[in-house]
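Asker: got a structure for you, letters missing:
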């Protein structure tokens, strides 16, 4: 355990050592990720032939986001009834090399059956959804779950809602009963209600709570988590990466030269454009640093006195600071990490604040696009995080039903879709599991989510 703690501490120390260069370093790393992703296509190392077939093109929500052939999810259930084997989704390997995640797009009206075929065939117990059905006035995902007193029938599948509740102010938890050929299973769905398209949450806390609850619901079974947003790229990649790093912590498998750059790069080898924007990449650093700080706090009583000051903070949205007091504390002799607690709870004072994201205007001539971020933005163009403001002082808050915004919630970004388009990933990318036994890369040398009778 002490080795994993040392690795976490080393990651924080490297962040601290970057000083004011943090924004430029992360921008350079993300540009490198984008360049490498583009090179996979240009070099012909990868392919997206299945998604490009005429009979499958209508099943893609976005024509330039196609699943890699090498890692795509192949459906076999109901093929004898004439159903295709295609769905826009990819497997992503977990820390033990197993198929831990299915990263997929939000279903279309005519792919609802395929979505539930996927869930049933691969024994999915938990679905993580990082979008709303409608965002910025555009349909982002077809509703594939049942509502109260309104079962959903699609093909031979009948879905009914057992219960729903707010996990916290941002996340809805639904328990669904799925019936297929007289067999019924329980499937849990966690929906992040206020994660803006192409953006990031106001803080990592509720997202960390989301993945922690997903793992509690999942149990110890080998079934993959199903993770999606609208295209299954940006927000989906962030969730998969956060859960992956969390599993590294829990299994004490963090390598001494842990590199978030390498984690994201390997994610992108398995799902196109995973972690879509530089802002999301920077937010991942913030979230992972907070997880590591929390781990060090919980590992030893020495850390408890600085708990409130431990979480890394954005300084003008560029520099992630790790408190010197944390790095100066002697390394603990060891211990067992049982769970990763999420700093702050809805009952604490910080739960009554939110961070305002001020976005720069789109450049002239740029067109709209969901979860976009083509090319790296300069430091002057990145969103700025303003002073946090008490929710009680926030104007215009009104209660809605469980499908809308609850009092105090930060709503999804209501502004028009910003500029840019998906990276051109139609050419595909190579497969590959996440391997951490040969991490030797130096960042200094390379910057690189039908109403009918039930059967």
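Answerer: Yep, that arrived. Note that this is a predicted model, so its numbers are computed, not measured.
Asker: Which stretches in the chain count as helices?
Answerer: Along the chain, counting by DSSP state H, helices occupy 2-18, 22-42, 49-52, 54-57, 112-121, 205-218, 234-250, 260-268, 278-299, 307-310, 324-328.
Asker: and among these, the most buried is which?
Answerer: The highest mean neighbour count among the helices of the chain, using mean count of other CB atoms under 10 Å, belongs to helix 234-250: a mean of 25. Placement of C-beta: from N, CA and C, glycine included.
Asker: Who are the packing partners of it?
Answerer: Judged by 3 or more CB pairs under 8 Å, 6 or more residues apart in numbering; DSSP states H and E, helix 234-250 is in contact with helix 2-18, strand 99-104, helix 205-218, strand 225-228, helix 260-268, helix 278-299.
Asker: I'd like to check the angle between it and strand 99-104, please.
Answerer: Helix 234-250 runs at 170 degrees relative to strand 99-104, counting by axes from the mean of the first three to the mean of the last three CA atoms, to 10 degrees.
Asker: related to what we said a few turns ago, so which of the helices of the chain comes closest to residue 159?
Answerer: helix 112-121 (7.3 Å; CB to CB).
Asker: Quick check: mean pLDDT of the closest one?
Answerer: For helix 112-121, the mean pLDDT works out to 98.
Asker: Lowest average pLDDT across the helices and strands packed on helix 234-250?
Answerer: helix 2-18 (a mean of 89).
Asker: helices and strands around that helix, which ones?
Answerer: helix 234-250, helix 278-299, strand 319-321, helix 324-328.
Asker: where's residue 110 relative to residue 87, distance?
Answerer: Look at residue 110 and residue 87: by CB to CB, to the nearest Å, they are 12 Å apart.
Asker: So for those two, which sits in the more crowded spot?
Answerer: Using other CB atoms under 10 Å, the more surrounded residue of residue 110 and residue 87 is residue 87, with 26 against 10.
Asker: got the contact list for that one?
Answerer: By CB atoms under 8 Å, 6 or more residues apart in numbering, residue 87 lies in contact with 59, 67, 73, 75, 104, 111, 114-115, 117-118.
Asker: Try it again at 10 Å.
Answerer: For residue 87, the contacting residues are 50-51, 56, 59-60, 67, 72-75, 102, 104-105, 107, 111, 113-115, 117-118, by CB atoms under 10 Å, 6 or more residues apart in numbering.
Asker: about what we covered before: out of the helices and strands packed on helix 2-18, which is closest to residue 217?
Answerer: Closest to residue 217 of the helices and strands packed on helix 2-18 is helix 234-250 (CB to CB; 12.6 Å).
Asker: Redo the helices and strands packed on helix 2-18 as a markdown table? Include distance to residue 168.
Answerer: Formatted as a markdown table, those follow (distance: least, CB to CB, whole Å):
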| stretch | distance to residue 168 |
| --- | --- |
| helix 234-250 | 16 |
| helix 278-299 | 16 |
| strand 319-321 | 24 |
| helix 324-328 | 26 |
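Asker: wait, which of the ones you listed is closest to residue 260?
Answerer: Of these, nearest to residue 260 by CB to CB is helix 278-299, at 5.9 Å.
Asker: angle of the closest one against helix 260-268?
Answerer: Following the same axes, to 10 degrees, one obtains 120 degrees for the angle between helix 278-299 and helix 260-268.
Asker: Begin at 13, not 1, for the rest of this chat.
Answerer: Got it, the first residue is 13 from now on, which makes the last one we talked about helix 290-311.
Asker: what angle sits between helix 290-311 and helix 34-54?
Answerer: Angle of helix 290-311 versus helix 34-54, following the same axes, to 10 degrees, is 120 degrees.
Asker: my guess is residue 195 contacts residue 132, does it?
Answerer: Yes: the pair residue 195 / residue 132 is scored as a contact, 9.0 Å apart, by CB atoms under 10 Å.
Asker: quick one on the thing from earlier: could you dump the helices and strands packed on helix 246-262 into JSON lines and include distance to residue 147?
Answerer: Converted to JSON lines, the helices and strands packed on helix 246-262 look like this (distance: least, CB to CB, whole Å):
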{"stretch": "helix 14-30", "distance to residue 147": "32"}
{"stretch": "strand 111-116", "distance to residue 147": "18"}
{"stretch": "helix 217-230", "distance to residue 147": "17"}
{"stretch": "strand 237-240", "distance to residue 147": "14"}
{"stretch": "helix 272-280", "distance to residue 147": "23"}
{"stretch": "helix 290-311", "distance to residue 147": "16"}
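Asker: Between these, which one is closest to residue 154.
Answerer: strand 237-240 (11.3 Å).
Asker: Mind listing the strands that closest one pairs with, and their directions?
Answerer: Using DSSP bridges, strand 237-240 pairs in its sheet with strand 111-116 (parallel), strand 138-141 (parallel).
Asker: Is residue 212 in contact with residue 294, as I believe?
Answerer: Yes: the criterion here is CB under 10 Å, and residue 212 meets it with residue 294 at 8.1 Å.
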